[in-house]
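Undergrad: sharing a sequence plus its predicted fold:
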Amino acid sequence: MANHVVLIDISVSEKYRVRGYPTLCIINKNGKAEYAKLGYSENLEKEVDSVLNKMKQQN
């Protein structure tokens, strides 16, 4: 699985409706946002791990 990081790109922000920063989006290989989070959460690492594990299982 390739991971790509886009820090700030207005076209990506518009496509995924980013309304504030920090925003974390996990986008699948088809371009669908599997997860989006605005702001910080103490459970962020667990949430991201869970989403990534589900995505790995789908492949």
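TA: Now that the structure is in, tell me what you want to look at.
Undergrad: burial of K15, as a residue count?
TA: Burial of K15, expressed as a neighbour count using other Cβ atoms under 10 Å, amounts to 13. (Each C-beta comes from the backbone N, C-alpha and C, glycine too.)
Undergrad: check contacts around it.
TA: The neighbourhood of K15, defined by Cβ atoms under 8 Å, 6 or more residues apart in numbering, contains no residues.
Undergrad: the spatially closest residue to L24 that is not a sequence neighbour in helix, strand or coil?
TA: Among residues not flanking L24 along the chain, K37 sits closest, at 4.8 Å (Cβ to Cβ, 6 or more residues apart in numbering). K37 carries the three-state label strand when classified by DSSP: H, G, I helix; E, B strand; the rest coil.
Undergrad: E34 should be in a strand, yeah?
TA: Yes. Secondary structure of E34 (three-state DSSP): part of a strand.
Undergrad: and the helices in this structure, which stretches?
TA: All helices of the chain, identified by DSSP state H, fall at 10-15, 44-58.
Undergrad: name the helices or strands packed onto the longest one?
TA: Put plainly, it is helix 44-58. Judged by 3 or more Cβ pairs under 8 Å, 6 or more residues apart in numbering; DSSP states H and E, helix 44-58 is in contact with strand 23-27, strand 33-38.
Undergrad: run the angle between that helix and strand 23-27 for me.
TA: Computed with axes from the mean of the first three to the mean of the last three Cα atoms, to 10 degrees, the direction of helix 44-58 lies at 10 degrees from that of strand 23-27.
Undergrad: from the middle of its chain, how far away would helix 44-58 be?
TA: For helix 44-58, the separation from the chain centroid amounts to 10 Å (computed by Cα atoms, centre = their mean, to the nearest Å).
Undergrad: who touches it?
TA: If you take Cβ under 8 Å, 6+ apart as the criterion, helix 44-58 is touched by M1, L24, I26, N28, E34, Y35, K37, S41.
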